[in-house]
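Colleague: Pasting a predicted model and its sequence here:
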Amino acid sequence: MIAFIDEHRDQFGVEAICRTLGATECGFITSRAYRAAKRRPASARALRDVLLLEELKRIHAENYSVYGVRKMHHAMARAGWQVGRDQIARLMKAAGLQGVRRGRKPVTTRPSGMPDARPDLVERHFTAERPHQLWVADITYVRILGGFCYVAFITDVFTRRIVGWAVSASLHTTGLPLLALEHALLSTGASRGRQGLIHHSDRGAQGGFNRSSQHPLGITGGMGDGKQGLGEEDQ
């Protein structure tokens with residue numbers, strides 16, 4: 001509030017601003033309280049923040065303005081400043097400093113753009129009364145030293161266990177989701193078909209998911225309108 005009055009006092013005057021704030025009951029402060037606050041000496045924390053801000057800006061610029069909070073915390077420690085990580089985050093936010101993320105977040109679900117007449121047999125009711133009644137499939141990614149690897153996996157809704165998976169360095173690997181489905185069928189002994197089993201996947205364009213519901217292994221296939229809630233890696 002003090003900063004707001006400082007910014008607009010030359011245009012409107014202190015008394016007028018305080019009256020307006022008082023009328024709106026939004027952050028009310030009297031002109032007397034404002035002037036008392038301006039006369040009050042700066043606190044030790046405020047004085048230290050001024051020094052730290054200048055040092056943060058200098059170190060951030062020296063490192064090509066790419067350091068985030070974690071690396072700035074380490075850099076400040078190397079420079080001899082004993083500053084908490086939360087304080088670094090607060091000061092960087094106040095100064096408008098932020099890090100740069102490497103690369104970009106992979107896209108694991110793309111609309112296919114093709115009409116699909118197969119019904120949604122689940123309609124977002126992801127419940128089951130027994131094992132191997134409903135499987136849901138998804139693709140996620142995992143960060144590795146070389147970039148990303150992609151994982152197609154199938155979860156049994158009743159047991160919450162992953163019953164099949166497949167891993168690839170590329171999202172464009174042909175049949176990655178089908179490999180996960182075949183692994184699930186083999187690992188559960190359902191390779192010859194299992195009566196009443198529904199395999200549900202989203203309407204994606206990744207090779208395999210659009211075909212997996214039609215895989216001739218004696219299961220019922222269905223397609224959904226979107227992701228089933230099997231989350232991606234937490235960033």
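Modeller: Arrived safely.
Colleague: what's the offset of stretch 82-97 from the middle of its chain?
Modeller: Computed by CA atoms, centre = their mean, to the nearest Å, the chain-centroid distance of stretch 82-97 equals 21 Å.
Colleague: Which parts of the protein are strands?
Modeller: 134-144, 147-156, 161-168, 198-201, 220-223 (DSSP state E).
Colleague: any idea which of the ones you listed is most buried?
Modeller: strand 198-201 (a mean of 24; mean count of other CB atoms under 10 Å). No exception for glycine: its C-beta is placed from N, CA and C like everyone else's.
Colleague: what packs against that one?
Modeller: strand 134-144, helix 209-212, strand 220-223 (3 or more CB pairs under 8 Å, 6 or more residues apart in numbering; DSSP states H and E).
Colleague: ok, of these, where does mean pLDDT dip lowest?
Modeller: Mean pLDDT is lowest for helix 209-212 out of the helices and strands packed on strand 198-201, coming in at a mean of 42.
Colleague: wait, what's in contact with the closest residue to V167 other than its chain neighbours?
Modeller: Among residues not flanking V167 along the chain, V151 sits closest, at 5.3 Å (CB to CB, 6 or more residues apart in numbering). Contacts for V151 were tallied using CB atoms under 8 Å, 6 or more residues apart in numbering; they are I139, T140, Y141, V142, W165, A166, V167.
Colleague: now swap in Q11 and tell me
Modeller: Contacts of Q11 (CB under 8 Å, 6+ apart): none.
Colleague: What residue spans form the domains of the protein?
Modeller: Listed domain ranges for the chain are 1-40, 42-100, 134-223 (source: automatic domain parsing).
Colleague: Compare these and give me the one nearest T127.
Modeller: domain 134-223 (6.7 Å; CB to CB).
Colleague: among the domains of the chain, which is the most enclosed?
Modeller: Most buried among the domains of the chain, counting by mean count of other CB under 10 Å: domain 134-223, with a mean of 18.
Colleague: Can you pull out the residues in contact with the longest helix along the chain?
Modeller: When the chain is parsed with DSSP state H, its longest helix is helix 44-62. Contact with helix 44-62 is made by 67, 72, 75-76, 79, 81, 83, 87-88, 91-92, 94-95, 97, as judged by CB under 8 Å, 6+ apart.
Colleague: Looking at those residues, which two lie furthest apart in space?
Modeller: Checking the contacts of helix 44-62 with CB to CB, the most distant pair is A79 and A94, at 19.2 Å.
Colleague: What part of the protein, helix or strand, is modelled with the least confidence?
Modeller: helix 209-212 (a mean of 42; mean pLDDT, DSSP states H and E).
Colleague: circling back to that earlier point, so which of the domains of the chain gets nearest P119?
Modeller: Nearest to P119 among the domains of the chain is domain 134-223 (6.2 Å), distances taken as CB to CB.
Colleague: if we can go back for a sec, ok, the contacts of V151 vs H200, which is closest?
Modeller: I139 (13.8 Å).
Colleague: Distance check, that closest one against R161.
Modeller: Distance, I139 to R161, by CB to CB, to the nearest Å: 18 Å.
Colleague: next one: K71
Modeller: 38 Å.
Colleague: rewinding a little: make CSV out of the domains of the chain and add distance to A128.
Modeller: Formatted as CSV, those follow (distance: least, CB to CB, whole Å):
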stretch, distance to A128
domain 1-40, 52
domain 42-100, 42
domain 134-223, 4
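Colleague: so where's the protein uncertain?
Modeller: 1, 23-28, 102-118, 171-174, 191-194, 202-235 (pLDDT under 70).
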